[in-house]
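[1] Predicted model and sequence below, questions to follow.
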Amino acid sequence: MAHPLQTPLGDKPRRHAPALKLVKTNTLDRDQWLTVRKQGIGSSDAAAAVGLNPYKSQLELWMEKTGRDDKLPKTDPNDETSPMYWGTLLEHIVAAHYTRRTGHRVRRINAVLQHPTEPWMLANIDREVIGTPDVQILECKTAGFQGSFLWREGVPEYIQLQVMHQLAVTGKPCADVAVLICGQDLQIHRIHRDEALIAKMIELERAFWQYVQTDTAPPADGSDSADLALRCLYPKDSGQTLDLSGDLEMSAVFSDLLSIREVLTTNVLLEAQLKQRIQQRMGEATKVLFETGEVSWKRSKDGTALDTTSLLKDQPELAQRYALVKPGSRRFLVTT
């Protein structure tokens, strides 16, 4: 996605106005910093804003920017099981080893940066690279075992967009992404400014920001993130019946849903039949090999579980003593 700028020999890259410093961050607590971030689209928001973040939808991001995110799950920055915690903790180590590997000096920019002509475009930079004309920004990342698969073919698309957003805000031509894979493999990837990509990205981000400014929810995209956002936006039903029989657009959506569900039902049955044919052929074999892959069919280890039915039969008073009310959720049921 990111490619070096192709400029004729002897031509200098186009100069861009530098970023503005919206606010200093070294005096802000986390809540104040999050409040500032709601004033625009930050670099870590870029991929979600254009619909290309695999973890966050436009709808969830819109809820954050419009102050509707109070019921959305929040990551505790002090949770030691969170990738965010370890990413923050190891950031200075990644930066130090980047300097050791490349010889490039880096320093912090303790400010939220703002685009000189697009005030809604904001950016936080991990480090500024100084003393070299080759690269100006360093983005520090960490990836565990599961996340490492995203880096097999270079920088993941959503992180490329994050860095391209930083280049757009700062006017800089080049950035390095240093990622520590599984705690021991430091990789450095270079991303050059791509004017055509930046122009398209700004166009799409501006369209998203219109949703925020007009307080209009963007369309849900079918992702888990959008599903979560809808459940948080509309946790309860009013009992009202909405008649959309005269709405041609929504009637077409409903017809498409029925058709897709019919196909899914057929495919689920077909998958079960194919799976069972392989199981029947395997018999007691643990693994079977095919030209394009393999299948294993193993017995899992025995586990220990609490027999709550027998326990409550012997001691029924425990049901009242340890009763737990679980909040209900809305169920989406289709009838024809």
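    That came in fine, so what should we check first? Numbering: from 1, shown residues only.
[2] Leaving out sequence neighbours, find the closest residue to the residue positioned nearest the centre of the chain.
    Nearest to the geometric centre of the chain sits Tyr55, at 2.8 Å (Cα atoms, centre = their mean). Residue nearest to Tyr55 in three dimensions, not counting chain neighbours: Ser225, with 6.6 Å by Cβ to Cβ, 6 or more residues apart in numbering. (Glycine included, C-beta is placed from N, CA and C.)
[3] surely that neighbour meets Trp62?
    No: Ser225 lies out of contact with Trp62 (Cβ atoms under 8 Å); the separation is 11.2 Å.
[4] about what we covered before: tell me which residues touch the residue nearest to Tyr55, please.
    Applying Cβ atoms under 8 Å, 6 or more residues apart in numbering, we find Ser225 in contact with Tyr55, Lys56, Ser57, Leu59, Glu60.
[5] Name the nearest of the residues you listed relative to Gln160.
    Lowest distance from Gln160 to the contacts of Ser225 (Cβ to Cβ) belongs to Tyr55, with 15.1 Å.
[6] May I see the buried residues of the one helix or strand Ala229 maps to?
    Element membership of Ala229, judged by DSSP states H and E, is helix 224-233. Buried residues in helix 224-233, counted by 16 or more other Cβ atoms under 10 Å: Ser225, Ala226, Asp227, Leu228, Ala229, Leu230, Cys232, Leu233.
[7] right, and the pair among these with maximum separation?
    Those two in the buried residues of helix 224-233 that are separated most widely, counting by Cβ to Cβ, are Ser225 and Leu233, at 12.4 Å.
[8] do you know how far the residue sitting furthest away from the middle of the chain is from Ala305?
    For the chain, the residue at maximal distance from the C-alpha centroid (Cα atoms, centre = their mean) is Asp314, at 48.2 Å. Relative to Ala305, Asp314 is positioned 16 Å away (Cβ to Cβ, to the nearest Å).
[9] Please apply the same query to Asp221.
    Asp221 is 38 Å from Ala305, by Cβ to Cβ.
[10] Leu61 now?
    Counting by Cβ to Cβ, the separation of Leu61 from Ala305 is 40 Å.
[11] repeat for His192
    Here His192 is placed at a distance of 56 Å from Ala305 (Cβ to Cβ).
[12] So which of the two has more stuff around it?
    Remark: of His192 and Ala305, His192 carries more neighbours, 16 against 5, as counted by other Cβ atoms under 10 Å.
[13] do you know how far the residue nearest to Glu118 when sequence neighbours are not counted is from Leu161?
    Excluding the flanking residues, the one nearest Glu118 by Cβ to Cβ, 6+ apart is Ile202, at 6.6 Å. When distance is defined by Cβ to Cβ, Ile202 is 11 Å away from Leu161.
[14] For Trp33, report the pLDDT, please.
    We note a pLDDT of 79 for Trp33 in this prediction.
[15] Leu167: neighbouring residues, count only.
    Leu167: 25 neighbours (other Cβ under 10 Å).
[16] Would you confirm that it contacts Glu195?
    No: between Leu167 and Glu195 there is no contact under Cβ under 8 Å: 9.9 Å.
[17] Can you verify my assumption that Ser329 contacts Leu228?
    No: applying Cβ under 8 Å, one finds Ser329 not in contact with Leu228, separated by 11.5 Å.
[18] now this protein, which segments are flagged as low pLDDT?
    1-14 (pLDDT under 70).
[19] care to break it down by domain?
    20-228, 242-281 (automatic domain parsing).
[20] just curious, which of the buried residues of helix 224-233 is nearest to Pro18?
    Pro18 has its nearest neighbour among those in Ser225, at 34.0 Å by Cβ to Cβ.
[21] Would you check how far apart that closest one and Lys236 are?
    The separation that Ser225 has from Lys236, given Cβ to Cβ, amounts to 21 Å.
[22] cool, and Arg30?
    Relative to Lys236, and taking Cβ to Cβ, Arg30 is found at 31 Å.
[23] repeat for Tyr322
    Distance from Tyr322 to Lys236, by Cβ to Cβ: 27 Å.
[24] Same check on Thr308?
    Remark: distance between Thr308 and Lys236 (Cβ to Cβ) = 30 Å.
[25] Same check on Val334?
    The gap separating Val334 from Lys236 is 20 Å, by Cβ to Cβ.
[26] Am I right that Tyr158 sits in a strand?
    No: Tyr158 is assigned helix when assessed by DSSP: H, G, I helix; E, B strand; the rest coil, not a strand.
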